[in-house]
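Student: take a look and give me a structure for this.
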Amino acid sequence: MTSSLGAGSHAGTSRKMRRPLIGAAGLLLVASALIASPALASHPEVSLPGSNFEIDTDANLRVDDAGSLDWANVAETRKADPFTGAADDSFGQGTKEDTAVPTVVDGSIPPNKSDLLTFGVYLEDTATTDFLHLFWHRVQEPSGTTNMDFEFNKSLVTSSNGVTPVRTAGDVLIQYDLSQGGTNPVLFLSRWLTTGPTSACEASNSLPCWSDKVNLSGAGDATGSINTSPIPAAESDGLGPISARTFGEASVDFSALGGGTDPCVSFGSAYLKSRSSDSFTAALKDFIAPTPLNLATCGAIKVTKTRKHAADGPGPHPHAGVAFTVNGVTQTTDANGQTCFDNLQFGSYSVTETLPAGYVADGPLTKTVLVDNVASCAGDPYLGESVSFSNTPLTDLSVSVNSQIDGGTASTIVCTGPGGGTVASGSTGANGDGSASATNLQPGTYTCTIVIDP
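Tutor: Numbering: from 1, shown residues only. Reported below is the predicted structural model:
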């Protein structure tokens with residue numbers, strides 16, 4: 001699956017397209033459809049096991065091994081800072097990580113600290129898990145310890161500063177810490193907390209706050225590197241010449257963002273910011289404004305159920321109260337004949353109807369649906385997968401004869417169906433009475449021939 005590109009995105013190689021979820025700004029990120037096993041690296045890499053994306057020991061953007069992924073051949077979501085130097089906007093007035101609404105000011109980036117240029121985000125979908133890949137690009141190497149943070153927000157609602165989104169519980173902060181003189185970054189993760197004990201906060205004594213840092217690198221859930229040598233413009237994938245120690249990249253096991261409790265983590269935007277040091281309480285400095293994206297690997301299936309019902313007129317009509325099962329979860333259709341299954345990770349699913357009594361299915365009771373599109377049941381308009389089922393009501397037939405004079409007449413009964421075959425037959429007994437019956441007949445023309453006293 002590829003990104004649906006808009007302004008600020010990077011067009012990569014052609015690959016299978018999946019229908020994107022259209023967001024407010026039209027720039028989205030979804031999972032890549034390219035599934036491949038990691039290529040054998042011919043040069044030093046620190047890539048995560050299972051990922052086919054090159055995280056090079058000396059970070060770069062080119063593809064070094066055939067069949068691998070790197071920034072040069074993927075369609076990442078990319079955002080550039082429109083200004084640098086004195087004209088650049090930044091965070092100011094003592095804004096820190098836990099400041100719920102950061103203060104935005106102009107022209108306050110210290111010359112010895114990171115002046116940010118660009119960041120990129122790409123989600124790789126493999127057969128076993130998903131990997132979130134990140135890069136940052138800055139103007140100059142800082143003279144002291146510094147830090148880059150990627151903040152992922154669920155909400156697209158802008159806060160009172162007019163720039164950054166309103167934070168909601170479960171937003172994620174990925175911290176890319178790089179100490180002075182270091183070349184091996186350590187990545188940490190915190191989540192935005194709105195409830196619970198303040199002892200769960202990394203730095204603050206009050207809520208809301210960012211949670212205690214989790215060392216993703218130490219847990220084997222993240223890896224990263226910076227460029228220790230210059231990257232020429234011809235190999236920078238459009239970023240221009242990159243001097244040493246001004247480009248960094250990282251990979252994160254996407255499942256770690258949900259903490260193992262939610263397989264369908266979803267974020268609506270991301271932005272990059274820098275701190276004056278790797279201390280969590282240090283002041284925030286430069287930032288690149290948020291870019292909308294739909295970072296998720298889950299979709300939805302909407303089931304529509306109809307039936308024929310003569311009392312409501314010709315044609316199909318919504319059928320309420322019919323049970324359907326997907327992935328072990330059973331739901332029933334509403335008054336509109338619909339039900340929707342949410343939070344389905346990409347893959348193939350069987351949708352199975354429990355056939356209600358008195359009906360015959362107009363098709364198979366189980367249908368296979370491929371979920372490969374980011375969507376939710378609450379989406380307006382709904383952009384997930386859809387599947388339809390229809391049923392036809394059944395009728396029982398009974399024909400009888402009753403001789404008015406006991407044993408006075410004898411009769412035979414033969415009923416044929418729409419195809420001409422016999423569906424019911426019978427004859428009278430000694431008293432002249434008899435019947436023929438059939439059950440579970442579908443709508444059609446049935447002819448019953450009764451011969452009395454032949």
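
Student: separation between A127 and G67?
Tutor: To G67, A127 is 15 Å away according to C-beta to C-beta, to the nearest Å. From N, CA and C alone the C-beta is placed, and that goes for glycine too.

Student: the two: which has the busier surroundings?
Tutor: It is G67, of A127 and G67, that has more neighbours when counted by other C-beta atoms under 10 Å, with 11 against 8.

Student: what's the helix or strand for that one?
Tutor: Using DSSP states H and E, G67 maps to neither a helix nor a strand.

Student: against L123, how distant is it?
Tutor: 19 Å.

Student: repeat for A250
Tutor: Distance from A250 to L123, by C-beta to C-beta: 13 Å.

Student: which residues are common contacts for the two?
Tutor: Residues touching both A250 and L123 (C-beta atoms under 8 Å, 6 or more residues apart in numbering) are H133.

Student: all helices of the stretch 101-250 of the chain, in order?
Tutor: In order along the chain, the stretch 101-250 of the chain carries no helices (DSSP state H, counting those that start in this stretch).

Student: where do the strands sit along it?
Tutor: Assigned by DSSP state E, counting those that start in this stretch, the strands in the stretch 101-250 of the chain fall at 104-106, 116-125, 130-138, 146-153, 172-178, 186-193, 209-210, 214-215, 222-226, 247-253.

Student: residues contacting T306?
Tutor: Neighbours of T306 in contact, by C-beta under 8 Å, 6+ apart: P316, H317, P318, H319, G337, S388, F389, S390, N391.

Student: wait, which of these is closest to T330?
Tutor: Comparing the contacts of T306 against T330 with C-beta to C-beta places F389 closest, at 14.5 Å.

Student: burial measure for the closest one, as a count.
Tutor: Neighbour number of F389 under other C-beta under 10 Å is 25.

Student: likewise N440?
Tutor: Applying other C-beta under 10 Å, I find that N440 has 11 neighbouring residues.

Student: can you tell which of the strands of the stretch 101-250 of the chain is closest to S42?
Tutor: Closest among those, using C-beta to C-beta: strand 222-226, at 16.7 Å.

Student: can you name every helix or strand that that closest one contacts?
Tutor: Counting by 3 or more C-beta pairs under 8 Å, 6 or more residues apart in numbering; DSSP states H and E, the packing neighbours recorded for strand 222-226 are strand 172-178, strand 186-193, strand 247-253.

Student: can we see that at 10 Å?
Tutor: strand 130-138, strand 172-178, strand 186-193, strand 247-253 (3 or more C-beta pairs under 10 Å, 6 or more residues apart in numbering; DSSP states H and E).

Student: from the chain's centre, how far out does it sit?
Tutor: 25 Å (C-alpha atoms, centre = their mean, to the nearest Å).

Student: give me the sheet partners of that strand and which way each runs.
Tutor: strand 247-253 (antiparallel) (DSSP bridges).

Student: ok, the nearest residue to Q338 once chain neighbours are set aside - contacts?
Tutor: Once flanking residues are discounted, Q338 sits nearest to T304: 5.3 Å by C-beta to C-beta, 6 or more residues apart in numbering. By C-beta atoms under 10 Å, 6 or more residues apart in numbering, the residues touching T304 are 316, 318-319, 333, 336-340, 386-390.

Student: what is the rounded mean pLDDT of the strand or helix carrying T304?
Tutor: Using DSSP H and E, T304 sits within strand 298-308. Averaging pLDDT along strand 298-308 gives 95.

Student: after that strand comes which helix or strand?
Tutor: strand 316-318.

Student: which secondary structure elements does that following strand sit against?
Tutor: strand 298-308, strand 385-393.

Student: for F91, which of those is the nearest?
Tutor: Across the helices and strands packed on strand 316-318, closest to F91 is strand 298-308 (C-beta to C-beta), at 32.6 Å.
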